[in-house]
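Chemist: Prediction below, plus the sequence it came from.
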Amino acid sequence: MMIVRSVRSAKFKRRTTRTTPISASLHCPMEPKRCYSLSPSLETRVESEIQKLLKVQTGVKKSFAEGMLSKHYQDISPRHIFPTTRSINLRYMDYIGFDYDYTLANYRPELMETTIYNSARDRLVNKFRYPSGIQELKYDPEFPTRGLYYDRKKGNILKLDYLQNIQYDAVYFGRKQLTEKQVRECYGAFHIGKSYFHNLRSMNDNFSLAEVCLIADTIEYFRSHGMDFDPTYVYEDVVKCISYIHTSGIIHNKVVANLPKYLVEKRPDIGNWLSKLKRKNKKLFLLTNNIYDNVNAGMSFLLNDLDPSFPDWKDYFDIIVVKADKPTWFTSTRPFREYDYERGNELWKKVNKLEKNKVYVEGSMQEFERITSCIGESVLYIGDHLFSDLREPQRTSGWRTAVLISELEKEIKCQSDPKYKKNLEDLLRAKDLRRKLDMLTKDKNNATLLELREEITRLHRELKEPLNKYFGSVFRTPTNATMFAYYLQRYADLYTSSVENFAYYPHDFKFASERSFLPHEKKITEGTYPLDDHSE
């Protein structure tokens, strides 16, 4: 599958196109709970049967069976930053921008999600008059993951690959897993067609984890108590509750009241990187939907007094924009307003320049580019949300984009574990044997073949469960990249687990995209190189 991406050339301000393949070389981020070896007796029997069958085969079938290749995976550091489908050179990034929530402000995930869940749950009962028993529900951090879809019509939570195929063992009605038969009865096949896709709602950002869990728990409460309900209204009510606790300031007031509890400690690596960028004459800007008081409290806690040259966090930034209203900010023509942060009010005078040590609200990308005279491909914007932060600037004005995915660190560590590698090698070997045996034997009820299929199912499960026993990897299904990974490669030029990782690269580093491989192409395994600490 190929995607045409529209890009504006920085030098000539013209639009060119590029194609984006769904990468066949996504990291394989799963670690098994325990290590199993492919049964030697099973492998011996399969090999023996294949050799017997090969003796009576000739020509294409024999060449095809003997020519199948195994794949090998290399260790990757959690510090790595990954280019997707287009190379990007930091040397040419004149403007580097940052979101605040889950980008510069790194919340303690389980605590933040529990707070959101509890506040929304209580509002469901107190405002929407849901059964009082729902107030006893508790957030389960083991259940949700990003990149899931909610079927508003049927009430199912499911995981899709980039072709809209359903991962058969990752479909839940409430907290009850649907069987393969039940999935087929719901959807007719393990695929969501174009005509039905509009019924699904994506849950892709960090704040959606509490939403996923509360929807599932609420439906499970109704199901287990034999109560009738409409899954569309459950979804809408939960979304309204979670939206309210954000817009009303409930959640951020709790954070500001106890910053050490909710925010990860001071982040000197970020301060060092920002200092280095300033010394290299990069223009830095902060662009967030959050209000100034919340941002000021969090940034002061995280960055103040890390560097004598930048005693106040605002000293790092050339432009500060709060209450931006992304993603509308990227497509509107709204002017900026200056915000008097000492008095706490917005000014009415026209803004014709964006000045250091001043704070602005609202505005738009069009006005930003007009005032700064920056050109699309000279801007790098770093955020955590593929749609609110990255989609519109990338496709509208050609900004370069980077997304932070905290789950990536866990997935990389799992991938590097010897037990994971062993299970993966066994899986690839078992699949290779199955293909050969399935091609050569006429008996599809062959006992050895059936046993091999069971072994493959077990190995898939062992690779899935350590990351999330319900849904598995954020980035892939057993065979393909997920829909989340599809959008990742579509709208982000770079992805990594944390903004600190940029501190380990030179300021002028070129992230060169790697060759992606189609199924018919041969992939040559290359050696790995350690990530050097390029400190200055």
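Modeler: Arrived safely, thanks for sending.

Chemist: quick one: low-confidence ranges for the protein?
Modeler: Along the chain, the model assigns pLDDT under 70 to residues 1-38, 54, 56-75, 522-536.

Chemist: center of it - which residue?
Modeler: Ile405 (5.0 Å; CA atoms, centre = their mean).

Chemist: number of nearby residues for the residue nearest to that residue when sequence neighbours are not counted?
Modeler: Distances taken as CB to CB, 6 or more residues apart in numbering place Tyr495 nearest to Ile405, at 5.8 Å, with adjacent residues excluded. All C-beta atoms are positioned from the backbone trio N, CA, C, and that covers glycine. Applying other CB atoms under 10 Å, we find 22 residues neighbouring Tyr495.

Chemist: likewise Ile245?
Modeler: 23.

Chemist: What is the neighbour count of the residue nearest to it when sequence neighbours are not counted?
Modeler: Of all residues not flanking Ile245 in the chain, Ser119 sits nearest, at 4.5 Å (CB to CB, 6+ apart). Ser119: 19 surrounding residues under other CB under 10 Å.

Chemist: who's in contact with Ser119?
Modeler: Cys241, Ile245, Ile250, Ile251 (CB atoms under 8 Å, 6 or more residues apart in numbering).

Chemist: can you check Gly133 too?
Modeler: Tyr221, His225 are the contacts of Gly133 under CB under 8 Å, 6+ apart.

Chemist: measure it to Thr218 for me?
Modeler: Distance, Gly133 to Thr218, using CB to CB, to the nearest Å: 11 Å.

Chemist: What of Asp443?
Modeler: Taken as CB to CB, the span from Asp443 to Thr218 is 49 Å.

Chemist: In terms of neighbours, single out the busier of the two.
Modeler: Using other CB under 10 Å, the more surrounded residue of Asp443 and Thr218 is Thr218, with 24 against 8.

Chemist: Just confirm the more buried one is within a helix.
Modeler: Yes. Assignment of Thr218 by DSSP: H, G, I helix; E, B strand; the rest coil places it within a helix.

Chemist: need the contact list for it.
Modeler: So Thr218 contacts Leu124, Tyr130, Ile134, Leu137, Val234, Val238 (CB under 8 Å, 6+ apart).

Chemist: what does Tyr339 give?
Modeler: By CB under 8 Å, 6+ apart, the neighbours of Tyr339 are Tyr292, Val322, Lys323, Asn345, Glu346, Leu347, Val359, Tyr360, Val361.

Chemist: and the host helix or strand of the last one, which strands flank it?
Modeler: With the criterion set as DSSP states H and E, the secondary-structure element containing Val361 is strand 359-362. Strands flanking strand 359-362 in the sheet, each with its direction: strand 319-322 (parallel), strand 336-340 (antiparallel) (DSSP bridges).

Chemist: looking at these, which is buried most?
Modeler: strand 319-322 (a mean of 24; mean count of other CB atoms under 10 Å).

Chemist: where exactly do the strands run in the stretch 51-200 of the chain?
Modeler: 82-83, 88-89, 95-98, 148-151, 156-160, 166-173, 176-177, 200-203 (DSSP state E, counting those that start in this stretch).

Chemist: quick one: contacts of the fifth one?
Modeler: By that I understand strand 156-160. 147-151, 166-167, 170-173, 178, 186, 192, 212, 215-216, 471-472, 477, 482-483.

Chemist: residues touching the residue nearest to Asp438 when sequence neighbours are not counted, list them.
Modeler: Nearest residue to Asp438, sequence neighbours excluded (CB to CB, 6+ apart): Leu449, at 6.3 Å. Leu449 makes contact with Arg434, Leu437, Asp438, Thr441, Asp443, according to CB under 8 Å, 6+ apart.

Chemist: which residues touch the last one?
Modeler: Residues in contact with Asp443 (CB under 8 Å, 6+ apart) are Leu449.

Chemist: got it, and the fourth one?
Modeler: Thr441 is in contact with Glu49, Leu53, Leu449, counting by CB under 8 Å, 6+ apart.

Chemist: same deal with Phe387?
Modeler: With CB under 8 Å, 6+ apart, Phe387 has these contacts: Asn204, Asp205, Pro327, Tyr487, Tyr491.

Chemist: Quote the end-to-end distance of stretch 151-165.
Modeler: Taking CA to CA, to the nearest Å, stretch 151-165 runs 14 Å from one end to the other.

Chemist: Please state the offset of that stretch from the chain centre?
Modeler: 17 Å (CA atoms, centre = their mean, to the nearest Å).

Chemist: What helix or strand is the residue lying closest to Ser309 once chain neighbours are set aside located in?
Modeler: What sits nearest to Ser309 in space, not counting adjacent residues and going by CB to CB, 6+ apart, is Ser275, at 6.7 Å. In this structure, Ser275 sits in helix 268-279 according to DSSP H and E.

Chemist: Now do the strands in the stretch 251-400 of the chain.
Modeler: 283-287, 319-322, 336-340, 345-346, 359-362, 379-383, 400-404.

Chemist: follow-up on the earlier one: so which of the contacts of Thr441 are in helices?
Modeler: Under the assignment DSSP state H, the contacts of Thr441 contribute Glu49, Leu53, Leu449 to helices.

Chemist: Mind checking which of the contacts of Leu449 land in helices?
Modeler: Arg434, Leu437, Asp438.

Chemist: Which of those residues ranks first by neighbour count?
Modeler: The residue in those with the most neighbours, by other CB under 10 Å, is Leu437 (19 neighbours).

Chemist: Relative to Glu425, how far out is that residue?
Modeler: Taking CB to CB, one finds Leu437 at 18 Å from Glu425.

Chemist: again with Thr448
Modeler: Taken as CB to CB, the span from Thr448 to Glu425 is 20 Å.

Chemist: just Asp269 next, same as before
Modeler: Distance from Asp269 to Glu425, by CB to CB: 35 Å.

Chemist: now swap in Arg108 and tell me
Modeler: 36 Å.

Chemist: same thing with Tyr168?
Modeler: 24 Å.
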